[in-house]
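In: sequence first, then the predicted structure, then my questions.
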Amino acid sequence: MSRLVLILGDQLSPDMACLRDADRARDTVVMAEVRSEATYAPHHPKKIALIFSAMRHFAEELRGDGWTVAYTRYDDPENAGSIPGELLRRADETGATEVIATEPGEWRLIEAMRDCPLEVKLLPDDRFVCSRKDFEAWAEGRKELRMEWFYREMRRRTGYLMKGDDPAGGKWNYDKLNRKPAARDLLRSAPMSFTPDDITEEVLALVQREFPDNFGSLRPFDFAVTRGDARRALSHFVRRLLPEFGPYQDAMLTGEPYLNHALISPYLNVGLLSPQEVCDAVQAAWEAGEVPIQSAEGFIRQIIGWREFVRGVYFLEGPDYPHRNALNHQRKLPPLYWGAETRMACLREVVAQTRDNAYAHHIQRLMVTGNFALIAGIDPAEVHEWYLSVYADAFEWVEAPNTVGMSQFADGGVVGSKPYASSANYIDRMSDYCTGCDYFAEKKTGKGACPFNLLYWHFLNRHRDRFEKNHRMGAIYASWDRMDEARRETILEEADDFLTRMSRGEAV
Ligand code: FAD
Ligand code: DLZ
Ligand code: SF4
């Protein structure tokens with residue numbers, strides 16, 4: 001009896017577990033562009049185009065490898081509109097009763113697969129360095145889950161940047177060397193960009209027609225949509241940008257969305273690149289003396305450390321994780337996140353880049369949009385939906401721990417030991433945003449005071465009970481207490497006034 005083999009839009013790897021388990025002579029691969037996946041969040045048009053185009057290219061590749069592929073396009077009149085619906089339709093057509101699938105990266109879809117009336121065999125997704133089972137074993141009995149310890153274990157396990165049992169260069173982590181602001185450099189390469197082929201042009205027309213109101217610019221569209229092109233993007237990054245990645249990974253510059261970043265997360269997350277091939281390329285460049293240790297280490301840590309760690313946390317914590325709200329933040333996400341006018345230059349710049357490119361780098365996401373939402377007390381569910389929608393690399397297993405956990409502290413401290421809350425000081429040091437702003441980074445109160453300065457103390461004051469005992473935050477509360485009372489009152493009143501005006505819909 002023939003079986004159905006499900007490939008989702010973020011499972012575009014030739015070595016998927018479900019393909020290894022299937023028989024290309026008699027089984028049918030099912031791929032479907034469906035309404036339920038395209039609308040569970042108001043995805044950026046570039047994200048939908050990337051996924052649909054990469055799916056269509058991958059289906060062609062599978063056919064070339066001898067697979068029978070039943071592919072449903074978004075505008076097919078027979079389209080059932082959901083993944084289980086499409087499986088049922090294809091089961092009727094082929095007579096198959098059994099489905100082989102690889103576990104989806106989102107609880108919502110895992111549950112939908114479990115409820116599917118067909119017999120579904122769900123295989124573990126083994127495209128990661130650390131399996132779900134291994135992460136559970138690592139986490140077992142630990143009072144706190146800290147990325148740094150997990151990362152060291154992954155270094156030992158994979159052997160990346162190791163000299164025997166010791167870290168190459170003598171240190172596990174070179175972050176202290178990696179915090180330089182960037183200067184403008186006309187010679188810095190941009191990430192590699194790709195001209196749409198006929199398949200992509202057809203998808204772009206479809207996305208334009210079907211999703212005209214989604215936030216974000218569809219064109220220019222220059223993402224890679226095949227493995228070959230994603231690999232070209234990776235080697236371009238390793239040769240041209242990685243050597244200076246380390247020192248400048250936290251820097252932000254107006255009009256320069258990418259700096260030394262790789263722009264490979266969309267390719268990794270849909271399956272066009274594997275974490276191992278990315279790390280192998282970095283290791284090889286380091287061994288050849290083309291990349292200094294602080295850049296190689298800074299980058300490999302993101303892949304085998306953070307990326308694997310957040311996935312482990314997402315599955316360990318369970319389906320309620322994305323809905324947590326440990327700080328009980330209830331304020332609505334202000335329209336400035338969807339492009340409405342704001343006087344804050346940093347937010348204006350990061351939101352505009354996000355709208356244009358479906359991309360912002362880590363520090364922009366964490367210390368500008370994330371930091372502001374945290375200190376302004378925005379409902380983390382709304383923040384989560386925004387991040388899940390607007391970035392081309394956003395899939396819940398990786399987005400939710402970064403947003404709900406790292407950035408909003410809504411998980412109560414599972415991902416991070418302290419909240420990423422900061423005043424204007426950090427943004428002013430690491431970027432040039434403040435020079436073009438209506439507010440003044442160095443002004444703490446009064447006309448023109450930067451809202452980050454006001455909201456920072458407002459946040460700390462509101463959550464004193466929770467954070468004052470945190471050993472990494474005691475000194476901050478001590479400096480708050482040293483301020484004279486009138487000044488503290490002024491800060492809190494001005495912060496309240498700002499929040500009221502923002503919630504009223506004023507352009508702040
Ligand atoms: P580089 O800076 O060049 O880093 C290299 C790679 O390391 C990335 O491609 C990515 O695969 C990995 N990486 C780095 N940091 C992380 C991290 N914290 N978690 C997981 N992987 C990491 N990343 C996503 O892939 N999808 C998301 O939906 C996502 N949402 C985020 C939301 C918030 C609030 C924050 C603070 C971070 C989020 N990140 C997310 C992590 C990080 O911002 C992106 O992975 C990174 O910006 C991708 O750009 P790049 O490929 O140029 O990365
Ligand atoms: C994100 C996405 C979108 C926009 N569209 C589809 C689709 O039409 N068909 C599909 O198979 N997958 C799509 N995806 C990716 C899924 O949402 C993703 O597999 C789950 O969120 C699990 O990570
Ligand atoms: Fe952002 Fe404040 Fe700097 Fe303006 S002054 S760019 S609001 S940090």
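Out: Nice, I can see it. Ligands and ions are numbered 1, 2, ... in the order given.
In: just give the nearest non-adjacent residue to the residue in the stretch 351-500 of the chain positioned nearest to ligand 2, would you?
Out: Residue of the stretch 351-500 of the chain nearest ligand 2, by C-beta to the nearest ligand atom: F395 (4.2 Å). Just so you know, the C-beta spots here come from the backbone N, C-alpha and C atoms, and that holds for glycine as well. Take F395 and drop its neighbours on the chain: the residue closest to it by C-beta to C-beta, 6 or more residues apart in numbering is G105, 5.0 Å away.
In: V310 falls within a helix, correct?
Out: Yes. V310: assigned to a helix according to DSSP: H, G, I helix; E, B strand; the rest coil.
In: phi, psi for the closest residue to it other than its chain neighbours please.
Out: In this structure, V310 finds its nearest non-sequential neighbour in P401, 3.8 Å apart by C-beta to C-beta, 6+ apart. P401 adopts backbone torsions of phi -60, psi -30, taken as degrees, to the nearest 10.
In: let me see the contact set for P401.
Out: V310, R311, V313, Y314, Y321, D411, V414, V415 (C-beta atoms under 8 Å, 6 or more residues apart in numbering).
In: what do you get for R155?
Out: R155 makes contacts with L161, M162, P167, W172, I300, I304, as judged by C-beta under 8 Å, 6+ apart.
In: shouldn't the last one be in contact with Y160?
Out: Yes. In this structure I304 lies within contact range of Y160 using C-beta atoms under 8 Å: 6.5 Å.
In: higher neighbour count, the two?
Out: Between I304 and Y160, counted using other C-beta atoms under 10 Å, I304 has the larger neighbour count: 26 against 23.
In: how close does the more buried one get to E297?
Out: Distance, I304 to E297, using C-beta to C-beta, to the nearest Å: 11 Å.
In: helix or strand for A101, just tell me which one.
Out: If you go by DSSP states H and E, A101 is part of strand 98-102.
In: returning to what we had before: most neighbours, which of the contacts of R155?
Out: Neighbour max across the contacts of R155 (other C-beta under 10 Å) = I304, 26 neighbours.
In: now do the next helix or strand after the strand holding A101 against strand 98-102, angle only.
Out: Using DSSP H and E, the next helix or strand after strand 98-102 towards the C-terminus is helix 107-115. If you take axes from the mean of the first three to the mean of the last three C-alpha atoms, to 10 degrees, helix 107-115 sits at 160 degrees to strand 98-102.
In: is helix 107-115 positioned near ligand 2?
Out: Yes. Helix 107-115 is in contact with ligand 2 by C-beta under 6 Å from any ligand atom, via L109.
In: and that helix, what does it pack onto?
Out: helix 83-94, strand 119-123 (3 or more C-beta pairs under 8 Å, 6 or more residues apart in numbering; DSSP states H and E).
In: kindly reformat those as JSON lines containing mean neighbour count, distance to ligand 2 and mean pLDDT.
Out: As requested, the helices and strands packed on helix 107-115 are exported to JSON lines (neighbours: other C-beta atoms under 10 Å; distance: least, C-beta to the nearest ligand atom, whole Å; pLDDT from 0 to 100):
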{"stretch": "helix 83-94", "mean neighbour count": "19", "distance to ligand 2": "6", "mean pLDDT": "98"}
{"stretch": "strand 119-123", "mean neighbour count": "15", "distance to ligand 2": "13", "mean pLDDT": "97"}
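In: distance to A285 added to those, as CSV?
Out: Shown next, in CSV, are the helices and strands packed on helix 107-115 (distance: least, C-beta to C-beta, whole Å):
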stretch, distance to A285
helix 83-94, 39
strand 119-123, 33
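In: so which of these gets nearest ligand 1?
Out: Closest among those, using C-beta to the nearest ligand atom: helix 83-94, at 20.3 Å.
In: quick one: that closest one to helix 107-115, angle?
Out: 40 degrees.
In: list of residues touching helix 83-94?
Out: Counting by C-beta under 8 Å, 6+ apart, 2, 4, 6, 8, 28, 30, 32, 34, 36-37, 70, 72, 78-80, 96-97, 99, 109, 112-113, 115-118 sit against helix 83-94.
In: please list the residues of the stretch 251-400 of the chain that sit near ligand 1.
Out: Counting by C-beta under 6 Å from any ligand atom, the stretch 251-400 of the chain sits next to ligand 1 at 261-265, 268-269, 299, 302-303, 306-307, 310, 361-362, 365-366, 370, 387, 391, 393-394, 398-399.
In: show me the residues you listed that map onto strands.
Out: Assigned to strands by DSSP state E, none of these qualify.
In: just the helices in the stretch 51-200 of the chain please.
Out: Remark: helices assigned in the stretch 51-200 of the chain by DSSP state H, counting those that start in this stretch are 83-94, 107-115, 132-139, 147-158, 198-210.
In: how distant is the fourth one from the center of its chain?
Out: This means helix 147-158. 21 Å (C-alpha atoms, centre = their mean, to the nearest Å).
In: in it, what's buried?
Out: For helix 147-158, the neighbour count (16 or more other C-beta atoms under 10 Å) marks M147, F150, Y151, M154, R155, T158 as buried.
In: now that helix: average pLDDT?
Out: The average of the pLDDT scores along helix 147-158 is 97.
In: same thing with the third one?
Out: In this model, helix 132-139 has a mean pLDDT of 98.
In: got the angle between it and helix 147-158?
Out: Using the same axes, to 10 degrees: helix 132-139 against helix 147-158 is 120 degrees.
In: buried sites along stretch 19-33?
Out: L19, A22, D27, T28, V29, V30, M31, A32, E33.
In: quick check, nearest of those residues to L50?
Out: Nearest to L50 out of those is E33 (C-beta to C-beta; 12.3 Å).
In: which non-adjacent residue is nearest the closest one?
Out: Y74 (4.0 Å).
In: got the contact list for that neighbour?
Out: Listed by C-beta under 8 Å, 6+ apart, the contact set of Y74 reads E33, V34, R35, A38, F52, L206, E210.
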